[in-house]
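In: My questions concern the predicted model and sequence given below.
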Amino acid sequence: MAAVAAILASTAFRWIILESRFISSSSMHPTLEAGDHIIAEKISYYFRRPDVDDVVLFRAPKLMQELGFNSEEVLIKRVVAKAGDLVEVCNGKLLANGTVKTEDFIAEPAAYDMTAIRVPDGCVFVMGDNRNNSCDSHIWGPLPVDNILGRYVLRYLRPSQVGIAACGLS
């Protein structure tokens, strides 16, 4: 009986509070690398809305599904603008409400421009930190907040570092 209770508690914990995920692409490089294992918390958005700079996990919205993504696929991107914000990319720089954002975490400046878009109510605008290798809101538009599953909080395994530590070279 204790084993069943432990399994149920573990499953409830995963579904409601925390979830482990594997990063399968380089769209969040250099913050997260393909192969990284992360933890996302799933409870804070019951009490608050996603904020700018939150790194969120979400299910593919309708427009992504039209591009060939599966509706059950979970992706990860950074929130760069919230509902009501005017967001654009000009000369490689991200602007929110007319102000150039300081983004020390991106791989490189965007190699594209994006005309200004006002983020509608109930949505956020998300982009990968690897701006030139990310299928994100600059391609498919604002992300409905209802698609967000949780917020990245911790990277607990980077395979390249495991190999170094195992060889005693750390």
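Out: Cool, got the structure.

In: Quick check: which ranges of the protein have low pLDDT?
Out: Scanning the chain for pLDDT under 70 picks out 2-16, 159-170.

In: can you give me the strands in it?
Out: 18-22, 37-41, 55-59, 74-82, 86-90, 93-96, 99-100, 114-118, 123-127, 143-144, 148-157 (DSSP state E).

In: So what are the sheet partners of the longest one and their directions?
Out: Partner strands and pairing direction for strand 148-157 (DSSP bridges) are strand 37-41 (antiparallel), strand 55-59 (antiparallel).

In: quick one, what contacts residue 150?
Out: Residue 150 makes contact with 19, 40, 41, 42, 45, 56, 57, according to C-beta atoms under 8 Å, 6 or more residues apart in numbering. (Each C-beta comes from the backbone N, C-alpha and C, glycine too.)

In: Any quick ChimeraX command for the buried ones out of those?
Out: To isolate the buried members of the contacts of residue 150 in ChimeraX, using 16 or more other C-beta atoms under 10 Å:
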select :19,40,42,45,56,57
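
In: Any chance of a markdown table for the contacts of residue 150, columns distance to residue 92?
Out: Below are the contacts of residue 150 laid out as a markdown table (distance: C-beta to C-beta, whole Å):
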| residue | distance to residue 92 |
| --- | --- |
| 19 | 34 |
| 40 | 30 |
| 41 | 33 |
| 42 | 34 |
| 45 | 31 |
| 56 | 24 |
| 57 | 27 |
